[in-house]
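K.L.:
just need the structure, nothing else, for what follows:
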Amino acid sequence: MAREAKKDPNELTVEEKLKALYQLQTMLSEIDKIKTLRGELPLEVQDLEDEVAGLNTRIEKIKADIEELKSNIATKKIEIETAKASVEKYKTQQDNVRNNREYDVLTKEIEFQTLEIELCEKRIKEYTAAEKAKTEEIETSNHNLEEREKDLEAKKTELEEIVSETKQEEEKLREKAKVLETTIEPRLLQAFKRIRKNSRNGLGIVYVQRDACGGCFNKIPPQKQLDIRMRKKIIVCEYCGRIMIDPELAGVVPEQHLETVKK
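P.N.:
Model prediction:
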């Protein structure tokens, strides 16, 4: 038996177009539910990754600061040894001076070098205190990094579990939705996607509930209700802009009929 030729989207009846749109809406809503199941996890993972990267950068910066402080301490120690050697040299020269003027000059040089030694020792104390503070800071940062990495690993594992559970289902839905989109004329599909994007609950097409729009729940005039049931043209809610269809076409038992059945 020959395979039935695929209908051109423009050749579909209004009823077929509405039915296709509602089926597409159902699939997209299921995909939205899967995304909701993941919740804020992807954002939390991203935030933690950024925090971990920031802490690593901070730790590297502190390490560089510590190395610079160590280098400064080493430099000052060398300057102290140089100054001490100068003091010894000047003291030796004082023993061989020919007059008071030369003695005074050497005395001033000794005093100057002694002050240099004291200043270097002061700087060493400051650098040592700063190094100690930086070391404590890096320990705190390393502890925070370890905690954030644990949190990140836990969140990643949780996200991977949810994704692995829903990935196959989501891919199937996306594939079906993609195929279904080819059966809807581009202009109508584009309008539907635009409505859906602007809708808070992601619904671009809704069925009538208790003579009201199923999206914004505003009352629908009787003539427009009749037009919806006739399925001869695309009817859009004048309040929220959503496309409306009658419940039977959506495969839903109208609430009024349902109440009658219960009674």
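
K.L.:
in the protein, what residue sits furthest out from the centroid?
P.N.:
Using Cα atoms, centre = their mean, the residue of the chain lying farthest from its centre is residue 98. It sits 80.5 Å away.

K.L.:
can I get stretch 103-114 as CSV, trimmed to CA atoms?
P.N.:
Provided in CSV are the C-alpha atoms of stretch 103-114 (Å, rounded to 0.1, in the frame of the first residue of the first chain):
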residue,chain,number,x,y,z
TYR,A,103,86.5,60.8,63.5
ASP,A,104,83.2,62.8,63.4
VAL,A,105,82.6,61.8,59.8
LEU,A,106,83.1,58.2,60.6
THR,A,107,80.9,58.5,63.7
LYS,A,108,78.1,59.9,61.6
GLU,A,109,78.4,57.1,59.1
ILE,A,110,78.2,54.5,61.9
GLU,A,111,75.1,56.2,63.3
PHE,A,112,73.6,56.3,59.8
GLN,A,113,74.3,52.6,59.2
THR,A,114,72.9,51.7,62.7
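
K.L.:
state the mean pLDDT of the host helix or strand of residue 115.
P.N.:
Element membership of residue 115, judged by DSSP states H and E, is helix 100-181. Taken as a whole, helix 100-181 has an average pLDDT of 92.

K.L.:
elements contacting the helix or strand following it?
P.N.:
Next helix or strand after helix 100-181 toward the C-terminus (DSSP H and E): helix 186-198. Where contact means 3 or more Cβ pairs under 8 Å, 6 or more residues apart in numbering; DSSP states H and E, helix 186-198 is packed against helix 14-38. All C-beta spots, glycine's among them, are computed from the backbone N, C-alpha and C.

K.L.:
okay, the residue farthest from the centre of the chain and residue 111: tell me how far apart.
P.N.:
21 Å (Cβ to Cβ, to the nearest Å).

K.L.:
my read: residue 34 touches residue 170, true?
P.N.:
Yes: counting by Cβ atoms under 8 Å, residue 34 does reach residue 170; the two are 5.1 Å apart.

K.L.:
can you pull the contacts of the closest residue to residue 30 other than its chain neighbours?
P.N.:
Once flanking residues are discounted, residue 30 sits nearest to residue 173: 5.5 Å by Cβ to Cβ, 6 or more residues apart in numbering. By Cβ atoms under 8 Å, 6 or more residues apart in numbering, the residues touching residue 173 are 27, 30, 31, 34.

K.L.:
contacts only, for the first one.
P.N.:
With contact taken as Cβ under 8 Å, 6+ apart, residue 27 is in contact with 173, 176, 177, 180.

K.L.:
ok, now with 10 Å
P.N.:
172, 173, 174, 175, 176, 177, 178, 180, 181 (Cβ atoms under 10 Å, 6 or more residues apart in numbering).

K.L.:
buried ones among those?
P.N.:
The neighbour count (16 or more other Cβ atoms under 10 Å) marks 173, 177, 180, 181 as buried among the contacts of residue 27.

K.L.:
for the residue nearest to the last one when sequence neighbours are not counted, give its distance to residue 20.
P.N.:
On the basis of Cβ to Cβ, 6+ apart, the spatially nearest residue to residue 181 that is not a chain neighbour turns out to be residue 189, at 5.9 Å. For residue 189, the distance to residue 20 equals 9 Å [Cβ to Cβ].

K.L.:
repeat that for residue 176.
P.N.:
In terms of Cβ to Cβ, residue 176 sits 12 Å off from residue 20.

K.L.:
overlap in contacts of the two?
P.N.:
Between them, residue 176 and residue 20 share no contacting residue, judged by Cβ under 10 Å, 6+ apart.

K.L.:
closest one to residue 199 out of the buried ones among the contacts of residue 27, please.
P.N.:
residue 177 (17.0 Å; Cβ to Cβ).

K.L.:
surely the closest one is in contact with residue 28?
P.N.:
Yes: Residue 177 is within contact range of residue 28, at 6.2 Å (criterion: Cβ atoms under 10 Å).

K.L.:
how many other residues sit next to residue 36?
P.N.:
8 (other Cβ atoms under 10 Å).
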